[in-house]
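A.B. asks: What follows is a predicted structure for the sequence shown.
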Amino acid sequence: MGSIPEAHTYAVGWGTVALINAGIAQGKDRSGFLWFIASLFLGPIATFILVALCPKQSPQPAEQ
């Protein structure tokens, strides 16, 4: 019987990490799209950077 190729499973997991990182980035008021792209290259390293090194951005005061 056919089994799922190991490379396919790896790619699905890497894509899932990228989506999770995009959600984390948006929760910290950062660009989800840019972090998604970065996560495709960095994977779990991007998760560490987001969680440990990127504080939530404070809201900018409205200009009057």
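C.D. replies: Looks like it arrived, so ask away. Numbering: from 1, shown residues only.

A.B. asks: Just the pLDDT for Pro5.
C.D. replies: In the prediction, the pLDDT value recorded for Pro5 is 76.

A.B. asks: Quick one: neighbours of it, just the number.
C.D. replies: Counted with other Cβ atoms under 10 Å, the neighbours of Pro5 add up to 9. From N, CA and C alone the C-beta is placed, and that goes for glycine too.

A.B. asks: heads up, I number from 35, so please use that
C.D. replies: OK, 35 is where the count begins now, so the last one is Pro39.

A.B. asks: Show the contacting residues for it.
C.D. replies: Pro39 makes contact with no residue under the criterion Cβ atoms under 8 Å, 6 or more residues apart in numbering.

A.B. asks: Let me know the distance separating it from Trp48.
C.D. replies: In this view, Pro39 and Trp48 are 14 Å apart by Cβ to Cβ, to the nearest Å.

A.B. asks: any idea what sits nearest the residue most central in space within the chain, other than its immediate chain neighbours?
C.D. replies: For the chain, the residue nearest the mean C-alpha position is Asn55 (2.0 Å; Cα atoms, centre = their mean). The spatially closest residue to Asn55, leaving aside those adjacent along the chain, is Ser73, at 4.1 Å (Cβ to Cβ, 6 or more residues apart in numbering).
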